[in-house]
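S.K.: What shape does this take:
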Amino acid sequence: MEFEITRGDTAPFKFQRKNKSGMIITEQPTNIWFTLKKTAESRKVLVQKRLSNGTIAYDAETQYYKFTLLPEDTDSLDLGQSYQFDIEVKTGSLIKTIAKGKIVITEEVTHASDEVMDDGA
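M.R.: Below is the predicted model of the structure:
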């Protein structure tokens, strides 16, 4: 799985938990982590979203988990760089990786300092 994200943009993500038969898993996990690092071997976490702190939310109506990469999450990441991510789910004492891939940071033209509102703010 690979995504391109413009540095400094807001990037929403959503996913469902499914079993091997493709059926949606509705059992609520202990925690879910989305973790972004420069490489899979890196010890330094660049961005992390978690169910336990509310940065990943569950929508019971659609049965999707949702999180958003905010401008401040990517502002300091290197342009053109490919970063590794995974999504892990903890249910009881079991931890399972349900997704992994790459996010490539693409260049922005309008930087945060350029975002002037008509009211001068």
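S.K.: element containing the closest residue to M1 other than its chain neighbours, please.
M.R.: Excluding its sequence neighbours, the residue lying closest to M1 (C-beta to C-beta, 6 or more residues apart in numbering) is G101, at 3.3 Å. Using the backbone N, CA and C atoms, a C-beta is placed for each residue, glycine as well. Using DSSP states H and E, the element containing G101 is strand 94-106.
S.K.: returning to that earlier point: OK, contacts around the residue nearest to M1?
M.R.: By C-beta atoms under 8 Å, 6 or more residues apart in numbering, the contact set of G101 is M1, E2, F3, Q84, F85, D86.
S.K.: List the residues that contact R17.
M.R.: R17 neighbours (C-beta under 8 Å, 6+ apart): I24, I25, P29, Y65, V89, I98.
S.K.: Name the nearest of the residues you listed relative to A57.
M.R.: Checking the contacts of R17 against A57 with C-beta to C-beta, the nearest one is Y65 at 7.1 Å.
S.K.: Now intersect the contacts of R17 with the helices, please.
M.R.: Per DSSP state H, helices hold no members of the contacts of R17.
S.K.: before we move on, back to that, buried by neighbour count: which residues of the strand holding G101 qualify?
M.R.: Neighbour-count burial for strand 94-106, with 16 or more other C-beta atoms under 10 Å as criterion, is recorded at I98, I103, I105.
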